[in-house]
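Peer 1: Quick one: sequence plus predicted model below, questions after.
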Amino acid sequence: MIRHALLLLILSCALHAAEKPNIVIIYADDLGYGDLGCYGHPTIRTPNLDRMAAEGMRFTQFYSAAEVCTPSRAALLTGRYPIRSGMCHTKMRVLRNNSAGCLPAEELTLAELLKERGYATACIGKWHLGVWSNNPAGHPMKHGFDFQFGLPHSNDMNPNPNIPPRAGTLADQDPAWWNAPLYRGMELVEQPADQTTLTRRYTAEALKFIQSNKGKPFFLYFPHTFPHTPLFASQGFRGTSPRGLYGDVVEELDWSVGQVLGELRKQGIDRNTLVFFSSDNGPWLIMNQQGGSAGLLREGKGSTWEGGMRVPGITWWPGKNPSGKNRREVGWTMDCYTTGATLAGATVPPDREIDGKDISPLLFETGKVGRDAFFYYRGTDLCAARVGKWKAHFITQSAYGKDVPEKHDPPALYDLENDPGERFDVAAAHPDAIETIRAAVAKHQAALKPAPTQLEAVAEKK
């Protein structure tokens, strides 16, 4: 009798766990729309991501909510435009290594929502939503994560010119010169981090987390350090790609994706795991050959042209996602928040505006997702808006590092279905489209309550 009751309890727990899928978000840094084989790159080899797209869904109109690191990550984890959380600033673009600001405690991350539903949670990789050595409130473990391993911010934020490059290296190829700090929880593991090993070490930690939590629902947020510059690849990948060092780095990221998907299969939990893959913004074009490609899109990181914010978007859920489906509907990284919460049975916070949509009807091909408009912010400036196929630019600027904005009145207008490269301004021929977009912007701004920016608070580094 006791054995029978115990068996029923075990079966009940297993069924309960199956109702709550595992959620994995793999997030590249500065990866361009055109940098993967499945998005058209002719020489960078990405067989694992290509297979992921072939077995799952590839979105051709998928966007980050911002054009640089900090605001895009805040939007992903909160489902909200970063202007709502204060994680943006027009002049100060991202949190620096001496910043005291961080993601506000009142923001509810996807990790916090899932943790309430019994999920194990981990952040492995680059955080960039608070520097906890300056302010402990900025640590991922203060925002719903049980475990953290990685860098607190971008890998170029602690340069130390007092450390001479090793013999035979250039400064930008020497991890010691960059002096990046690597943490496990609040413990400083290594400084300078050996960036040539970061992708492999992140991957090893991700696999351990999957293995340790295979019997219960988990959320793995896996934001890679690369291909943000400076670029580093491990010995097995360096010097192997036809695309040079940038290709080496992307191909190692592809290897990492293959390791994660393979481990999910090995543990027999792939059919209860939804995996998202995307990038925080477009390619850092001013880095020349050490930057990526936006493909046919215009401009890159730091810009609200399509190349700055349209990014790869791939979903994978064997047995649930139809295989090899190309989705032309528009999606945003903010949708990961609402979709993940909904699938887990978590309550999306009703006391605040959530901008992400539940896109599970697209993933399962059970229906459509209602959307009104999309707003392209650069810091606190609303630079462009999209309704349907039409995108109006009110302010334009070139890619990151060339901060000379140009205002447009009337706005420039592009038909993104016929002209995704934004080459032909058709404003004169479609005043009705401009008026529709103006009305959408007015409605959005009338209800908008911007939060005080968290990026202004910068303390002197001691």
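Peer 2: Looks like it came in fine. Numbers count the residues shown, from 1 in each chain.
Peer 1: Show the end-to-end separation of stretch 54-72, please.
Peer 2: 27 Å (Cα to Cα, to the nearest Å).
Peer 1: Quick one: mean pLDDT over it.
Peer 2: Model confidence over stretch 54-72, given as mean pLDDT, is 97.
Peer 1: chain center to that stretch: distance?
Peer 2: 7 Å (Cα atoms, centre = their mean, to the nearest Å).
Peer 1: Can you mark which positions in it are buried?
Peer 2: Buried residues in stretch 54-72, counted by 16 or more other Cβ atoms under 10 Å: 55-72. Placement of C-beta: from N, CA and C, glycine included.
Peer 1: Inside helices: which ones of those?
Peer 2: Of the buried residues of stretch 54-72, the ones assigned to helices by DSSP state H are 55, 69-72.
Peer 1: Tell me which two of those residues sit farthest apart.
Peer 2: 55 and 70 (32.5 Å; Cβ to Cβ).
Peer 1: Do a quick rundown of the helices in the stretch 101-250 of the chain.
Peer 2: Remark: helices assigned in the stretch 101-250 of the chain by DSSP state H, counting those that start in this stretch are 110-116, 175-178, 198-212, 244-266.
Peer 1: Who are the packing partners of the last one?
Peer 2: So the one you mean is helix 244-266. Here helix 244-266 touches strand 22-28, helix 47-55, helix 198-212, strand 273-279, going by 3 or more Cβ pairs under 8 Å, 6 or more residues apart in numbering; DSSP states H and E.
Peer 1: distance between the first one and the chain's centre?
Peer 2: Pointing back at strand 22-28 there. Worked out by Cα atoms, centre = their mean, strand 22-28 lies 9 Å from the chain centre.
Peer 1: neighbouring contacts of that strand?
Peer 2: Applying Cβ atoms under 8 Å, 6 or more residues apart in numbering, the external contacts of strand 22-28 come out as 73, 76, 110, 114, 119, 125, 217-224, 226-227, 253, 256-257, 260, 264, 269, 272-280, 312, 336, 340, 343-344.
Peer 1: Same check on the longest one?
Peer 2: Judged by Cβ under 8 Å, 6+ apart, the contacts made with helix 198-212 from elsewhere in the structure are 120, 122, 124-125, 147, 149-151, 155, 182, 218, 220, 222, 224-226, 232-234, 249, 252-253, 255-256, 259-260, 263-264, 267, 269.
Peer 1: hmm, try it at 6 Å
Peer 2: For helix 198-212, contacts defined as Cβ atoms under 6 Å, 6 or more residues apart in numbering pick out 122, 124-125, 149, 220, 222, 225, 234, 252, 256, 259-260, 263.
Peer 1: do the second one as well
Peer 2: Around helix 47-55, the neighbours that count as contacts under Cβ under 6 Å, 6+ apart are 36-38, 254, 257-258, 314, 316, 323-324.
Peer 1: Just the ones in strands from those, please.
Peer 2: 314, 316 (DSSP state E).
Peer 1: which residues of the chain fall in strands?
Peer 2: Under DSSP E, the chain gives strands at 22-28, 57-63, 120-124, 147-150, 182-184, 187-190, 218-223, 273-279, 310-316, 325-332, 374-378, 381-387, 390-396, 406-415.
Peer 1: What strands flank the first one, and is each parallel or antiparallel?
Peer 2: So the one you mean is strand 22-28. Here strand 22-28 is paired, per DSSP bridges, with strand 218-223 (parallel), strand 273-279 (parallel).
Peer 1: right, so of the helices of the stretch 101-250 of the chain, which gets closest to residue 388?
Peer 2: Short answer: helix 110-116, nearest of those by Cβ to Cβ, at 28.3 Å.
Peer 1: Please name the residues that touch residue 379.
Peer 2: Applying Cβ under 6 Å, 6+ apart, the residues contacting residue 379 are 88-90.
Peer 1: re earlier: for residue 415, which of the helices of the stretch 101-250 of the chain is the nearest?
Peer 2: Closest to residue 415 of the helices of the stretch 101-250 of the chain is helix 244-266 (Cβ to Cβ; 30.9 Å).
Peer 1: Show me what that closest one is in contact with.
Peer 2: 35, 44-46, 48-49, 199, 203, 206-207, 210, 224, 226-227, 231, 233, 237-238, 240-241, 270, 273, 290.
Peer 1: Which members of the residues you listed are classed as buried?
Peer 2: 35, 44-46, 48-49, 199, 203, 206-207, 210, 224, 226-227, 231, 233, 237, 241, 270, 273, 290.
Peer 1: And the nearest residue to residue 365 once chain neighbours are set aside, how close does it get to residue 363?
Peer 2: Using Cβ to Cβ, 6 or more residues apart in numbering and skipping residues adjacent in sequence, the residue nearest residue 365 is residue 322, 5.7 Å away. Using Cβ to Cβ, to the nearest Å, residue 322 is found at 9 Å from residue 363.
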